[in-house]
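1. Give me coordinates for this.
(one chain, ligands or ions: 2)
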Amino acid sequence: MAAQIYSGEKYASRRREISANLAKRPEFHDSKPLPFMTREEKILESSRKLTLISKHMNEIIDPSDKRELYHLNCEVLGIEGNPMALHGDMFIPALTAQASDEQQEKWLSRALRREIIGTYAQTELGHGTNLRKLETIATYDVDTQEFVLHTPQITALKWWPGNLGKSSNYAVVVALMIIKGKNYGPQTFMVPLRDEKTHQPLKGITIGDIGPKLAYNIVDNGFLGFDHYRIPRTNLLMRHTRVEPDGTFVKPPHAKINYSAMVHVRSYMITGQAIMLAYALTIATRYSSVRRQGQIDTTQPEVKVLEYQTQQHRLFPSIARAYAFVFAGAETVRLYERVLQEVETGNVSLMADLHALTSGLKSVVTHQTAQGIEQARMACGGHGYSQASYISEIFGVAVGGCTYEGENLVMLQQLARYLVKSAGLVQAGQSSKLGPLVAYLGAKSDSTSLIDRTPTPGFAEYVKTFQHIARKQTLKAAQKLFGFMEKGDTREVAWNKSTVELNRASRLHTRLYIVEAFVRRVEEVADPRLKEVLTDLLRLHVNYELLDVAAYALEDGFLSSSQLDYIREQLYFYLAKIRPNAVSLVDSWEFSDRELRSVLGRRDGNVYENLFAWAKASPLNKTDVLPSVDKYLKPLMESARASKL
Ligand SMILES: CCCCCCCCCCCC(=O)SCCNC(=O)CCNC(=O)[C@H](O)C(C)(C)COP(=O)(O)OP(=O)(O)OC[C@H]1O[C@@H](n2cnc3c(N)ncnc32)[C@H](O)[C@@H]1OP(=O)(O)O
Ligand SMILES: Cc1cc2nc3c(=O)[nH]c(=O)nc-3n(C[C@H](O)[C@H](O)[C@H](O)COP(=O)(O)OP(=O)(O)OC[C@H]3O[C@@H](n4cnc5c(N)ncnc54)[C@H](O)[C@@H]3O)c2cc1C
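-> Numbering: from 1, shown residues only. Ligands and ions are numbered 1, 2, ... in the order given. As a prediction, this is how the structure comes out:
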């Protein structure tokens, strides 16, 4: 289920209604805190709830509203995944984007009705990033008009696909298509894996779970091997690619069109990551507003830890980023939906822009989200380290995003390819050909920033300073690459010698995009009170971000050290200004206690009694004396006492 977040009071009140409805349905609640469950218990519970949702969702939400369905899933199923996570996240999007109309009639309709459960099986034991070197092969047998799927060696085993191990009975499988000895690269196939009645693996299929992970363990990530496994020619997903009965290959309008399922997840996961960052910040900010520790004025009682500037500095910039990622994520989803429609008409012109944008955003947002969640955990002291805070699970699920959907350092390079091409246009005096996402690369930079000399409402100077930094780094990194090539290196060798600088350019370009998306959204806000609070948050964001990358602007004098001091003071000013609104800013996300699954993040702030109750309910406290003490520790101590006598 692609992440959707609400915006505006209408959805906020709908969230409250849905939560209130669920509060009256105990069968939808966690039967006990998830940290007290084994992996098998979690999967059993999640499967039970999936059937409840299927049966009763119409009584609780408007199932046609993806936002409401997403909220229901988050509140009931939670973030640790579920046996149909990839069914919604990738299997259905892959069929929607790549199956022909008749194939959609045959399979997508059944998937939408949950008659079958599917996943997206691409990654292998030996390859995940480099799709060109995937080893599962689909050889076309022109006599029988079938593809023969085979796993030639252990490294070709499909490995990692979510819900592949035990839940799915179908998969969209990515395999190298071989026709008459020619390799047509990775193509997508609809593959039955398990008997629809018995759920037993079909003949020629080896399948199972890959074992426990860092987190996200309700998803049975699996392995899959084929032993000369035959599927009909018509199981190749043929919306854009075709293979005729005689083996003729009809190529798609874009070589990467069958990478669309990945682009789908990258487009939607920006919002998903924002929500996880928002979860952690809600927990830490609420807890910081009840936890008292230490004094600032020794004549006064102990202060709430949220009064400390360091605590504000630890949390508020991440609150700003969570909002920024929601805004950027909304723009990315809109662009994805537009590209999906345009591709239907054969117009693939925006695919490169979408790929570049989502590659950069996915990499920057997942990394900064992980950092922000970890800071939120540390901001809660010891209780943050308890699973009662639930922040460690939120971290574990979110940080997987740095790896899945393309490892971050690899995806930054995809954006870098796009930036290098754009830098080439600038160098060739063809800036007019630059796309909207990189038009700033062709602009002439002022000699210095006016950041401390413009009226505070304006963000133009901040954007210009960011553009200066991103432009300079892109042109410099591209020049480094071109320089190595001019000295005789191949492009690949030159690229490898320049990748750290190129990836820096990708990050700076992406952080500029996030700032601009934040500015665009705040400028649209009509409600003056809301606009004022979001403007404060945006001010905090731009000063925090600029301070973080200031070195790039100091080195060429675009920013002076006095301007750096100005930025710092602005940052501290907005930390203090946001403090009174901090709890409201996180409360406005309307996460219910049931969705947060955190004792520290309770809306009523009643932490201590509930921490004690939570601890007492821990399975270890079922008995006063553990069997292990009776069996080992007591004899150990008795023998030690005896030996002393
Ligand atoms: C939130 C909580 C819930 C959590 C929800 C959790 C769900 C978990 C889901 C996880 C699911 C997965 O991980 S699924 C598996 C994900 N796996 C991946 O993402 C694999 C990453 N690797 C790749 O995507 C590929 O190998 C690349 C893009 C890195 C390289 O592909 P390639 O085929 O070698 O292409 P390459 O030579 O680099 O580039 C050739 C040209 O193609 C272009 N190109 C490449 N890809 C694309 C593309 N998708 N769209 C357009 N154009 C593209 C390039 O820009 C370039 O253009 P030009 O420069 O020539 O103009
Ligand atoms: C929670 C989770 C869920 C997943 N779900 C699915 C799924 O549903 N379906 C699916 O098909 N896959 C899934 N995956 C697999 C995931 O997509 C891959 O792990 C990911 O694409 C990275 O590939 P890899 O693990 O083979 O790492 P590799 O490609 O082996 O990369 C290992 C490391 O080498 C470095 N590296 C590799 N290539 C380069 C390069 N060109 N330049 C610089 N450095 C490089 C990077 O540091 C990288 O981290 C999932 C993974 C996780 C963690």
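
2. My guess is residue 516 contacts residue 462. True?
-> No - when contacts are counted by CB atoms under 8 Å, residue 516 is not listed as touching residue 462 (10.0 Å). Backbone N, C-alpha and C define where each C-beta goes, glycine included.

3. So for the two, which residue has more residues nearby?
-> Between residue 516 and residue 462, residue 462 has the larger neighbour count (other CB atoms under 10 Å), namely 24 against 20.

4. Packing partners of the helix or strand containing the more buried one?
-> Element membership for residue 462 (DSSP states H and E) is helix 460-486. The helices and strands touching helix 460-486, judged by 3 or more CB pairs under 8 Å, 6 or more residues apart in numbering; DSSP states H and E, are helix 408-427, helix 491-524, helix 528-549, helix 551-554.

5. okay, the ones you listed in TSV with mean pLDDT and distance to residue 584 next?
-> Shown next, in TSV, are the helices and strands packed on helix 460-486 (pLDDT from 0 to 100; distance: least, CB to CB, whole Å):
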stretch	mean pLDDT	distance to residue 584
helix 408-427	97	33
helix 491-524	97	17
helix 528-549	96	8
helix 551-554	96	34
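
6. Ligand 1 is nearest to which of the ones you listed?
-> Closest approach to ligand 1 among those (CB to the nearest ligand atom): helix 408-427, 3.9 Å.

7. Check which residues of that closest one are buried.
-> Across helix 408-427, burial judged by 16 or more other CB atoms under 10 Å covers 408, 411-420, 422-423, 425-426.

8. which among these are in contact with ligand 1?
-> Restricting those to those near ligand 1 by CB under 6 Å from any ligand atom leaves 414, 417.

9. Can you name the residue of this structure nearest ligand 2?
-> residue 128 (2.1 Å).

10. Now do that residue, the pLDDT please.
-> Residue 128 carries a pLDDT value of 97.

11. Would you state the strands of the chain in chain order?
-> For the chain, strands defined by DSSP state E occupy the ranges 118-121, 137-141, 146-150, 158-159, 170-179, 182-192, 205-209, 222-226, 229-232, 242-243, 249-250.

12. Comparing these, which comes out most buried?
-> Highest mean neighbour count of those: strand 118-121, a mean of 30 (counted as mean count of other CB atoms under 10 Å).

13. out of the helices and strands packed on helix 460-486, which comes closest to residue 621?
-> Closest approach to residue 621 among those (CB to CB): helix 408-427, 41.0 Å.

14. can you tell me if the closest one touches ligand 2.
-> Yes - Helix 408-427 lies within reach of ligand 2 by CB under 6 Å from any ligand atom, at 409, 410.

15. Stretch 387-397 now?
-> No - Stretch 387-397 stays clear of ligand 2 (CB under 6 Å from any ligand atom), getting no nearer than 8.2 Å.

16. Can you give me the buried ones in the longest helix belonging to the chain?
-> Counting residues, the longest helix in the chain under DSSP state H turns out to be helix 309-344. Across helix 309-344, burial judged by 16+ other CB under 10 Å covers 311-312, 314-333, 335-336, 339-340, 343.

17. and if you look at stretch 240-249?
-> For stretch 240-249, by 16+ other CB under 10 Å, it's 240, 241, 243, 249.

18. does the last one really touch residue 184, like I thought?
-> Yes - shown here, residue 249 and residue 184 form a contact pair, counting by CB under 8 Å, at 5.7 Å.

19. Common neighbours of these two, please.
-> Listed as contacting both residue 249 and residue 184 by CB atoms under 8 Å, 6 or more residues apart in numbering are residue 177.

20. In CSV, list the buried residues of stretch 240-249 along with pLDDT and distance to ligand 2.
-> Putting the buried residues of stretch 240-249 into CSV (pLDDT from 0 to 100; distance: CB to the nearest ligand atom, whole Å) gives the following:
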residue, pLDDT, distance to ligand 2
240, 95, 20
241, 94, 19
243, 98, 22
249, 97, 24
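
21. tell me the contacts of the closest residue to residue 378 other than its chain neighbours?
-> Using CB to CB, 6 or more residues apart in numbering and skipping residues adjacent in sequence, the residue nearest residue 378 is residue 384, 6.4 Å away. By CB under 8 Å, 6+ apart, the residues touching residue 384 are 284, 287, 376, 377, 378, 391, 600.

22. which bits of the chain sit near ligand 1?
-> Residues of the chain lying near ligand 1 by CB under 6 Å from any ligand atom: 3, 89-90, 120, 122-123, 128-132, 162, 256, 259, 262-263, 265, 269, 272-273, 351-352, 355, 397, 404-406, 410, 414, 417.

23. Give me the buried entries from those residues.
-> Neighbour counting by 16+ other CB under 10 Å classes 3, 89-90, 120, 122-123, 128, 131, 162, 256, 259, 262-263, 265, 269, 272-273, 351-352, 355, 397, 404-406, 414, 417 among those as buried.

24. What count of nearby residues applies to the residue nearest to residue 559 when sequence neighbours are not counted?
-> Spatially, and ignoring its direct neighbours in sequence, residue 559 is nearest to residue 553 (3.9 Å; CB to CB, 6+ apart). Neighbour count of residue 553, defined by other CB under 10 Å: 22.

25. For ligand 1, what is the nearest residue in the stretch 251-400 of the chain?
-> residue 272 (2.7 Å).

26. wait, the residue nearest to residue 559 sits on residue 464?
-> No - contact between residue 553 and residue 464 fails when scored by CB under 8 Å: they sit 10.6 Å apart.

27. Show me the common contact partners of these two, please.
-> residue 449.

28. Distance check, residue 278 against residue 588.
-> Using CB to CB, to the nearest Å, we find residue 278 at a distance of 10 Å from residue 588.

29. These two: who's more crowded?
-> residue 278 (27 against 17).

30. Quick one: residues contacting that one.
-> 322, 326, 586, 589, 591.

31. How about the second one, nearest residue that isn't a chain neighbour?
-> Okay, so that is residue 326. Closest to residue 326 by CB to CB, 6+ apart is residue 274, at 4.6 Å.

32. how close does that neighbour get to residue 398?
-> 10 Å.

33. where do the contact lists of those two overlap?
-> Counting by CB under 8 Å, 6+ apart, the residues touching both residue 274 and residue 398 are residue 369.

34. Nearest to residue 631, out of the strands of the chain?
-> That would be strand 205-209 among the strands of the chain, by CB to CB, at 31.4 Å.

35. what does the closest one rub up against?
-> With contact meaning CB under 8 Å, 6+ apart, strand 205-209 is reached by 151, 157, 164-166, 193-194, 201, 220-227, 229.

36. pretty sure residue 409 contacts residue 502?
-> No - Residue 409 lies out of contact with residue 502 (CB under 8 Å); the separation is 10.5 Å.
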